[in-house]
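Asker: I would like to see how this sequence folds:
(chains A, B, C and D)
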2 protein chains.
Amino acid sequence: MPPPSRPGPVTDDARDPRERILLAAGREFAERGYEAATVRDICAAAGANVAAVNYYFGDKHRLYIESVKHAHEERVRQVPWPEWSPGTPAPVRLRDFVGSLLERMLGNDQAPWQVKLMMREVLQPTEACRELVEDYIRPHFGILLGILDELAGGTLPPFELRRVALSVIGQCFHYRAAGGVVAMLVPPGEIDAYHTPRAIADHVTRLTLAALGVVEPLARLPGPIVPGNVS
Amino acid sequence: MPPPSRPGPVTDDARDPRERILLAAGREFAERGYEAATVRDICAAAGANVAAVNYYFGDKHRLYIESVKHAHEERVRQVPWPEWSPGTPAPVRLRDFVGSLLERMLGNDQAPWQVKLMMREVLQPTEACRELVEDYIRPHFGILLGILDELAGGTLPPFELRRVALSVIGQCFHYRAAGGVVAMLVPPGEIDAYHTPRAIADHVTRLTLAALGVVEPLARLPGPIVPGNVS
DNA sequence: AATCGATTCAAACGCCTGTTTGAATCCCCC
DNA sequence: GGGGGATTCAAACAGGCGTTTGAATCGATT
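Answerer: So this is what the prediction gives:
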């Protein structure tokens, strides 16, 4: 009579009710948010009875946690991180990293619901977030730090490396989180021409490499380069 | 009997019930989101009767729209944008702009609820968002474009200027929107030392100026600067 | 003091929410 | 082929939601 806590790796068949509910819940939570999504709608979309949620997951909140985990696992499977052969130059690895990050965030054509769901967690962390950070975000943050350290020739202190890494991620993140506003700000048509995932990846990579002095600056200026601070 | 549509500029006294509700609603919507915030809680916080919302604003949704507008107007009043005397150099203006943006987003010590509310609109645009963009974001986006154009000496095409501007904003935006994750990623204590609004402003400004070739790169590298592309 | 519209209030109205129930049904195993 | 746990189901539950109501109260005007 009591629900099974976790019946191990269930059949990958989508006809498994638990899996179907998990999928429908992810979509619904991603689109509407935790509060606005209703158990009834989720179950209707999954073709299951309302009681199924409480039977398989206990309550709505635990269903949410499970669906976040499920979504992030699935998304990693969909778009795996790049792997490089030993001799790959750091600039190429940076470009691959940024491209992969953007492709995962923006999708090939439109945003997958898994990303929307994870984005909600990042923007307003709940208890599902810390796990997400430790398992998923921190390792890849470390990879980025390694690339940047090599690009800087080991001349930057760790705290500044982290700031540069956050700058790189921030530029990508912005397009996903504030994409609606970006679309309002730039002229119509420019998005498809100059703000595609590929184009943004090239831009972010080039800007970062230029800032580090690996490639020449974006602008060729008449005046001399000043060495000191601004103020 | 029917509620007054908008009784003009009401008394600035906070004892005005309409103003009190608007304030309490902003706080509640910012903290919990539209769905989770309840009319009852808002009215309790405002010291008003539940019926007051419908009396003054018609329904919950229109109260939300009004509270978003109200919040953004108040926030602009709190932290006005910098104004520069005619001769101010572009690098200084960039630093001021970024600093002002970050201060407005992150607050002096903690995030004001007005920003949280506007952030919700940006992340998941509703009808209140377009107005926000046109009245508030686009003009300042234009100012940033002007600064960057001057820094680049007019050598960058408009679409690339916009991308650089979005990179600048993205780096700042990231700290507000994903601040919770940033705090988990960097070692404890580093936030207070190297990720304060001032420190981030310096970092973003320096990185941008370096990328444009206005100041020297962040890292002094042994190897030569390659001119070409990465791929 | 009487009047009348504007405002406030307690109470109630439907409706929808997450959750529970207990019986019906399925499906595997002995 | 029947026993029995696992699963499904329709129905109902209690509680909270946004909103409405109609009377009470206020406050300025005549």
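Asker: flag every buried residue along the helix or strand harbouring residue A:169.
Answerer: Per DSSP states H and E: residue A:169 is located in helix A:158-177. For helix A:158-177, the neighbour count (16 or more other CB atoms under 10 Å in any protein chain shown) marks A:160-177 as buried. No exception for glycine: its C-beta is placed from N, CA and C like everyone else's.
Asker: likewise for stretch A:208-221?
Answerer: Using 16+ other CB under 10 Å as the burial criterion, the residues of stretch A:208-221 that qualify are A:208, A:209, A:210, A:211, A:212, A:213, A:214, A:215, A:216, A:217, A:218, A:219.
Asker: OK, contacts around the last one?
Answerer: Going back to what we said before, that points to residue A:219. By CB atoms under 8 Å, 6 or more residues apart in numbering or on different chains, residue A:219 lies in contact with B:151, B:152, B:153, B:155, B:156, B:212, B:213, B:214.
Asker: likewise for the second one?
Answerer: Residues touching residue A:209, when contacts are defined by CB under 8 Å, 6+ apart, comprise A:91, A:94, A:151, A:215, B:230.
Asker: quick one: mean pLDDT over stretch A:81-97.
Answerer: In this model, stretch A:81-97 has a mean pLDDT of 94.
Asker: can you check stretch A:47-66 too?
Answerer: On average, the pLDDT along stretch A:47-66 is 95.
Asker: anything in that stretch near chain B?
Answerer: No: against chain B, stretch A:47-66 shows no contacts by CB under 8 Å from any CB of the partner chain, the least distance being 13.0 Å.
Asker: now that stretch, how far from the centre of its chain.
Answerer: Chain-centre distance of stretch A:47-66: 26 Å, with CA atoms, centre = their mean, to the nearest Å.
Asker: list the buried residues of that stretch.
Answerer: Here stretch A:47-66 shows A:48, A:52, A:53, A:55, A:56, A:57, A:60, A:63, A:64, A:66 as buried, counting by 16+ other CB under 10 Å.
Asker: and the helix holding residue A:169, average pLDDT?
Answerer: 95.
Asker: surely residue A:161 and residue A:145 touch.
Answerer: Yes: applying CB atoms under 8 Å as the test, residue A:161 and residue A:145 come out as touching, 5.5 Å apart.
Asker: residue ranges with poor pLDDT in chain A?
Answerer: Applying pLDDT under 70 to chain A picks out residues A:1-15, A:108-110, A:222-231.
Asker: middle-most residue in it, spatially?
Answerer: residue A:105 (4.7 Å; CA atoms, centre = their mean).
Asker: and that one, what does it touch?
Answerer: Per CB under 8 Å, 6+ apart, neighbours of residue A:105: A:111, A:115, A:172, A:173, A:175, A:176.
Asker: ok, so of these, who is nearest chain B?
Answerer: residue A:173 (5.2 Å; CB to the nearest CB).
Asker: which residues touch the closest one?
Answerer: Residue A:173 touches A:105, B:170, B:173, B:174, B:177, B:178, counting by CB under 8 Å, 6+ apart.
Asker: for stretch A:149-167, measure first residue to last.
Answerer: One end of stretch A:149-167 to the other measures 14 Å (CA to CA, to the nearest Å).
Asker: does it reach chain B?
Answerer: Yes: using CB under 8 Å from any CB, stretch A:149-167 reaches chain B at A:151, A:152, A:153, A:155, A:156, A:159, A:160, A:162, A:163, A:164, A:166, A:167.
Asker: show me which of those residues is closest to DNA strand C.
Answerer: Among the residues of stretch A:149-167 next to chain B, residue A:166 lies closest to DNA strand C (CB to the nearest atom of the strand), at 35.6 Å.
Asker: does the closest one really touch residue B:182, like I thought?
Answerer: Yes: contact criterion CB under 8 Å: residue A:166 and residue B:182 qualify, at 6.4 Å.
Asker: between those two, what contacts are shared?
Answerer: Taking CB under 8 Å, 6+ apart as the criterion, residue A:166 and residue B:182 both touch B:174, B:175.
Asker: just to revisit the earlier point, now the contacts of residue A:105 in TSV, with distance to residue A:34?
Answerer: What follows is these, written out as TSV (distance: CB to CB, whole Å):
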residue	distance to residue A:34
A:111	18
A:115	17
A:172	25
A:173	21
A:175	24
A:176	19
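Asker: of all these, which comes closest to DNA strand C?
Answerer: Looking across the contacts of residue A:105 and measuring by CB to the nearest atom of the strand, the closest to DNA strand C is residue A:115, at 22.6 Å.
Asker: for DNA strand C, what is the nearest residue in chain A?
Answerer: Residue of chain A nearest DNA strand C, by CB to the nearest atom of the strand: residue A:59 (2.9 Å).
Asker: might you report the residue contacts of the residue nearest to that residue when sequence neighbours are not counted?
Answerer: Setting aside the residues directly before and after it, residue A:59 is nearest to residue A:53 in space (CB to CB, 6 or more residues apart in numbering or on different chains), at 7.6 Å. The contact partners of residue A:53, taken as CB under 8 Å, 6+ apart, are A:21, A:25, A:39, A:42, A:43, A:59, A:60, A:63.
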